[in-house]
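J.: have a look at this prediction, sequence included:
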Amino acid sequence: MRPVLFVNKIDRLIRELKLSGGEIEHRLIKIIQDFNRLVELYGPSEFKDQWLIDPFKGSVALGSAKDRWGITLSAAAKSGLKFSDIVSAYEQNAPEGLSRDFPVHSAVLDMVVDRFPSPLVAQKYRVPRLWRGDMDSDVGQAMLNCDPQGPAVFVASHMRVDPQAGVVATGRLFSGTTMSGQDVFLINAGVKGRIQQVGLYMGLHREIVGSLGAGNIPALLGLGSARAGETITAVEGLSPFETIKYVSEPVMTLAVEPKHPRDLPELVNVMKRLSIEDPNLKISIDEQTGEYLLSGMGQLHLEVALTFIKEAKLDVASSNPIVIYRETVLDKGGPIVTRSPNGHNKVSIEVSPLEPEVMRMIVEGKVSEFMDTRERARILREAGWDPDDAKNLMAMSESRSVFVDATKGVQRLEQVSGSIRIGFAEAMAEGVLAREPVRGLKVRLMDATVHEDPAHHGPGQMIPAVKRGIYAAMLIGRTAMLEPILRIDVRVPMEQVGVVTRIINGLRGKISSVDQKGHLAYVVGELPAAESFGLSELMRSSTSGRAFWDTSFLRWETVPSSLLPTVVSRIRSRKGLPPEVPKVSDFLE
């Protein structure tokens, strides 16, 4: 990989900010300098010099995707196009001339051809960073050398649902050759599949090609279980590639239902398609109300998803967005012993906050449930875990919690391990305080007694026993709620800075920095997602529409103790739960 930069929305600099050609040039130089500073700060030391962008080497382009024009700065110098010419085109209300002479696709394609390294070169340093398997193995050598004769190894990076063809998985083929009718293994999904068709995208259109060799970007049909980040290979048991890491997590949700019951099957299909194409969207069903819930990274993200649903010609009704919280513990809880409903099985559970270093590695993808167990154990030992705990990590939840088997010599434990995992997963999906997902919890199974008769230790007995134990231990360990905190970046005239800071501070937020760049102030702050509803109207009315801002997920933070009872009560009421939080004794009966 090698970064390039496309500076978009040049039209807004001219039409809205009324910048001259010289001011646009100065702004562009500043953006390039800021970009290169980030490379120097965060780029790998061996690649920093190659990653720095240079406007005269074809690695920087500018344009307007909306108006369909773009040009690299090196091409602009050769053609004689000046910034004043671009301003003049917009002043004459004739940007179509720019689109005709400098189409945006040409600028992007020029940068790809001129700047991006060939897979024959790039895979020699990319594969060791993305794949944790044995580089000296036949598969490792085939990927390093981009060998079309080696075993097929493909990583899906983009998913699309074609109305006629079904799921289309597009990604990089690191080694081997893919062909129609080929049997493959989906490593993360743990299933087998057969490639029905191999295609190659030519712009928006997918051309059927039959087979493609290493280094290409095939589009594979027939693998319905594939998702973004999936490792697809002809080699059974291959170590998977690193999963795709997403900076944000779903923090808001809304309920969606069709206005006409006959549209329900189509709504389900459209929402399923959305969740496949956008992994940051989560679809679930409210068991109490039967409503379909759509969870996303923020209010705008959900609005875009709703627009997509309506474009499918579905007439739907949606609720107001609500914030998704997380539950956790502040102290160690347990061990505590709980029984199965029939009284014949016992489990001893202990919970504690997950170490910040381990949480960071899970978020960054350095520790996962699907990686090599020996490598994972080594990483966890280096992070300070007990060697036995590191070796016996049993399960991990989507909400970033872990389950460890800390037992010694328990008979028949392997017979109920599946039920124990399910109990852990269900407890992490719905915590004890308000049935919100549980984050950052380390659950240890300390001991267990499993009845010798399989009829008495089935899932109906072991799953409730594990859930009861986790809930009771959480209550002993001082439960807390986590709320999503958003970063807010505001660009506003200097005279409006005071207005913006008052708005943010008034929403339980705080200001991180205020910088002046030209005639604009750049205000960076943070505020709870729960306080962001109505921010658009408030910001627009208070600044007379002169502020431009965006928000992004920043982190999870403990809800202040003064607000905790109110937050928990409101969530439990919304979900139809009893107003009182359960007590430890409720799980020891």
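T.: Alright, I've got the coordinates. Here the structure is a predicted model, which is why all the values come from computation and not from measurement.
J.: only alpha carbons, please: show the lengthiest strand in the chain as PDB.
T.: Ordering each strand of the chain by length in residues (DSSP state E) puts strand 479-493 first. In PDB, the C-alpha atoms belonging to strand 479-493 read as follows (Å, rounded to 0.1, in the frame of the first residue of the first chain):
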ATOM      1  CA  THR A 479     -21.900  -2.800  38.000                       C
ATOM      2  CA  ALA A 480     -21.600   0.400  36.000                       C
ATOM      3  CA  MET A 481     -22.900   1.800  32.700                       C
ATOM      4  CA  LEU A 482     -20.700   3.000  29.900                       C
ATOM      5  CA  GLU A 483     -21.900   5.700  27.500                       C
ATOM      6  CA  PRO A 484     -20.500   6.500  24.000                       C
ATOM      7  CA  ILE A 485     -18.500   9.800  23.800                       C
ATOM      8  CA  LEU A 486     -18.400  11.600  20.500                       C
ATOM      9  CA  ARG A 487     -15.600  13.800  19.200                       C
ATOM     10  CA  ILE A 488     -16.900  17.000  17.600                       C
ATOM     11  CA  ASP A 489     -14.900  19.000  15.100                       C
ATOM     12  CA  VAL A 490     -16.400  22.500  14.400                       C
ATOM     13  CA  ARG A 491     -15.200  25.000  11.800                       C
ATOM     14  CA  VAL A 492     -16.600  28.400  12.500                       C
ATOM     15  CA  PRO A 493     -15.800  32.200  12.100                       C
END
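J.: partners of that strand in the sheet?
T.: Here strand 479-493 has these sheet partners by DSSP bridges: strand 326-329 (antiparallel), strand 520-528 (antiparallel), strand 548-558 (antiparallel).
J.: chain center to the first one: distance?
T.: This means strand 326-329. Here strand 326-329 shows a centroid-to-chain-centroid distance of 20 Å under the convention CA atoms, centre = their mean, to the nearest Å.
J.: then stretch 314-326?
T.: Here stretch 314-326 shows a centroid-to-chain-centroid distance of 19 Å under the convention CA atoms, centre = their mean.
J.: who's M179 bridged to?
T.: Taking DSSP bridges as the rule, M179 bridges to S211.
J.: again with the one 4 residues further on
T.: For D183, the beta-bridge partners under DSSP bridges are R194.
J.: tell me who's in contact with it.
T.: By CB atoms under 8 Å, 6 or more residues apart in numbering, the residues touching D183 are 192-194, 234. Placement of C-beta: from N, CA and C, glycine included.
J.: ok, V584 next?
T.: V584 sits next to 336, 472, 475-476 when contact means CB under 8 Å, 6+ apart.
J.: of all these, which two lie farthest apart?
T.: Maximum pairwise distance in the contacts of V584, criterion CB to CB, is 9.3 Å, between I336 and L475.
J.: hey, where'd the strands end up in the stretch 101-250 of the chain?
T.: Secondary structure of the stretch 101-250 of the chain (DSSP state E, counting those that start in this stretch): strands located at 153-162, 166-175, 177-179, 183-186, 191-194, 197-202, 205-208, 211-213, 219-221, 231-233.
J.: so which of those is the most packed in?
T.: A comparison of the strands of the stretch 101-250 of the chain by mean neighbour count, using mean count of other CB atoms under 10 Å, puts strand 231-233 on top with a mean of 27.
J.: buried ones in the helix or strand that that strand is followed by, by neighbour count?
T.: For strand 231-233, the succeeding helix or strand toward the C-terminus, using DSSP states H and E, is strand 252-258. Residues 252-258 are the ones in strand 252-258 that count as buried (16 or more other CB atoms under 10 Å).
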